[in-house]
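*Asks:* okay, here's the prediction I keep looking at, along with the sequence it came from:
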Amino acid sequence: MSLKVRYFAWVRERVGKPEEDVEVPASVTTVAELVTWLSSRGEEYAHAFANPKVIRAAIDRIHVKPQAPIDKATEIAFFPPMTGG
Amino acid sequence: MSLKVRYFAWVRERVGKPEEDVEVPASVTTVAELVTWLSSRGEEYAHAFANPKVIRAAIDRIHVKPQAPIDKATEIAFFPPMTGG
Amino acid sequence: MTALSTVRIQREPFDVATEVAAITRGRTDAGAVVTFTGICRGDENGEPIASLTLEYYPGMAEAEIERHVAEAAARWPLIGVTVIHRFGRILPGQDIMMVVTVSSHRAAAFAAADFLMDYLKTRAPFWKQVEKADGRIWVEAKATDDEAAGRWAPSGKSHAAQ
Amino acid sequence: MTALSTVRIQREPFDVATEVAAITRGRTDAGAVVTFTGICRGDENGEPIASLTLEYYPGMAEAEIERHVAEAAARWPLIGVTVIHRFGRILPGQDIMMVVTVSSHRAAAFAAADFLMDYLKTRAPFWKQVEKADGRIWVEAKATDDEAAGRWAPSGKSHAAQ
């Protein structure tokens, strides 16, 4: 499936780009599996996702957990814990 | 003893004056006794203190209870429950 | 921590932004500012009012508010606190009083403002009279305000006894 | 009750007094206004900083804040709510964000402002980077902020799950 992936803050800096369109294999069905798959794509991704516990995700702009299915997703974003306010 | 007594809000309106100096008999030793004594001084006082439960008192600008002794007081104020803010 | 504190009781209107600027100007340790402004509403218990008139106990009101500001500064790490309360005649839509609390962090600023408001609503020696179609009446104290102030016991209690 | 709500994310500074006036102008049902202003401090964990840079997730941030404003308006009887959050580079002493809540009564205004701040601090998609002597670093989330936001569960929880 085709997905837009967006990165923010230090995840963006480590991956080296703010967003990209990726073609995800059918075997990748959850957010956690997507993280594993992205990590295999290169050193910059492995670095960005080295500690998955501190990575937050949103599917189509709604916060989700690692177990969330991605089959209905159009846009998935990865970022560190929020520090607004 | 000699005391300055001050009245606020509807207590002031009922008594008909904002303050007065009174000579209190030695038998009057607490705030509650002072209220009873003042009430005996005339209709306007009896009206102002008709319901002692809703009267608040302060001795020298500190909130006190009816049982508080008045022997060290210089100024005693009577008023309804506060409605500031 | 010594908080910069200002307490004023005045007939004149006030400007919240001016008061905030006076506390925060030139500082870089202030991270959170909470303001509360109490405004005269056009109704009292559902009935329209033409005006509000506030009476207070000069001397006692200032001393009591200052004591509560000092208590707030002892409980929470505050940089500054300003309390201004008006007296006299106030029209619907006009400001009655304000509290500003400034701290490095938001929790302290919120808690201190809430604490001071509970005090001002229930125990500060101010009395409101409203002007209605059928005359002037004194506003009665609300039980809910007393309950809110009770949240701050036991410290709040110590002021109830002499 | 339908609250008048405004949510803006902008690079430009804002003026709290202007925002308060915009909600309260001409109204006589507003009795309580609470404002919170978050200011850039000159230090982060005790180390001086030269600036703060805020990044956010456009689209998601606005939608999330609006959803939380709607939730606040459903929980408390609010007349108006305004949330403004800046992004980009901000210097010590400059404002970062503000929340204004207006209600007939103070408890609702305080609770709603506190609720929105807890959300904004912990779950709104904003990230702060600080500029220190030894370079730029991303601010780490504070556990105390997460705990404060937890106070609002169970409703807050529903947003954690998809």
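*Replies:* That came through, no problem. Numbers count the residues shown, from 1 in each chain, chains lettered A, B, ... in the order given.
*Asks:* what parts of chain C come near chain A?
*Replies:* C:Arg106 (C-beta under 8 Å from any C-beta of the partner chain). Every residue, glycine included, has its C-beta placed from N, CA and C.
*Asks:* now chain C against chain B: closest residue?
*Replies:* C:Phe126 (2.8 Å; C-beta to the nearest C-beta).
*Asks:* neighbours around that residue, how many?
*Replies:* Neighbouring residues of C:Phe126 were enumerated by other C-beta atoms under 10 Å in any protein chain shown; the total is 26.
*Asks:* ok, and the closest non-adjacent residue to C:Ala61?
*Replies:* Among residues not flanking C:Ala61 along the chain, C:Pro125 sits closest, at 5.0 Å (C-beta to C-beta, 6 or more residues apart in numbering or on different chains).
*Asks:* so who does that neighbour touch?
*Replies:* Contact analysis of C:Pro125 by C-beta atoms under 8 Å, 6 or more residues apart in numbering or on different chains lists B:8, B:58, B:77, B:79, B:82, B:84, C:56-57, C:60-61, C:64.
*Asks:* and which of the residues you listed is nearest D:Pro77?
*Replies:* For these, the residue nearest D:Pro77 by C-beta to C-beta is B:Gly84; the value is 22.3 Å.
*Asks:* how about the nearest residue to that closest one once chain neighbours are set aside, phi and psi?
*Replies:* Leaving aside its sequence neighbours, B:Gly84 sits nearest to C:Phe126 (C-beta to C-beta, 6+ apart; 2.8 Å). Dihedral pair for C:Phe126: phi -130, psi 150, per degrees, to the nearest 10.
*Asks:* wait, what's in contact with C:Phe126?
*Replies:* Going by C-beta under 8 Å, 6+ apart, C:Phe126 touches B:82-85, C:54-57, C:61, C:85, C:87, C:120.
*Asks:* could you redo the last one with a cut-off of 10 Å?
*Replies:* Shown in contact with C:Phe126 (C-beta atoms under 10 Å, 6 or more residues apart in numbering or on different chains): B:8-9, B:79, B:82-85, C:9, C:54-57, C:61, C:65, C:85-87, C:96-97, C:120.
*Asks:* now swap in A:Pro18 and tell me
*Replies:* A:6-8, A:12, D:55.
*Asks:* next, whichever residue of chain A sits closest to chain C: secondary structure please.
*Replies:* Per C-beta to the nearest C-beta, A:Gly85 is where chain A lies closest to chain C, at 7.6 Å. What DSSP: H, G, I helix; E, B strand; the rest coil gives for A:Gly85 is coil.
*Asks:* I figured it hits C:Arg106, correct?
*Replies:* Yes. Counting by C-beta atoms under 10 Å, A:Gly85 touches C:Arg106, with 7.6 Å between them.
*Asks:* okay, and the common contacts of the two?
*Replies:* Overlap of the contact sets of A:Gly85 and C:Arg106 (by C-beta under 10 Å, 6+ apart) consists of C:31-32, D:36, D:38, D:117-118, D:120-121, D:145.
*Asks:* please enumerate the helices of chain C.
*Replies:* Under the criterion DSSP state H, chain C contains helices at C:16-24, C:60-75, C:106-122, C:143-150.
*Asks:* pick the most deeply packed of these.
*Replies:* Highest mean neighbour count of the helices of chain C: helix C:106-122, a mean of 24 (counted as mean count of other C-beta atoms under 10 Å in any protein chain shown).
*Asks:* any weak-confidence spans in chain A?
*Replies:* Within chain A, not a single segment meets pLDDT under 70.
*Asks:* report the closest residue of it relative to chain D.
*Replies:* Counting by C-beta to the nearest C-beta, chain A gets nearest chain D through A:Gly84, at 2.9 Å.
*Asks:* now do the contacts for the closest residue to C:Ala141 other than its chain neighbours.
*Replies:* Leaving aside its sequence neighbours, C:Ala141 sits nearest to B:Pro81 (C-beta to C-beta, 6+ apart; 3.5 Å). Counting by C-beta under 10 Å, 6+ apart, B:Pro81 touches B:9, B:54-56, C:122-123, C:127, C:138-142, C:145-146.
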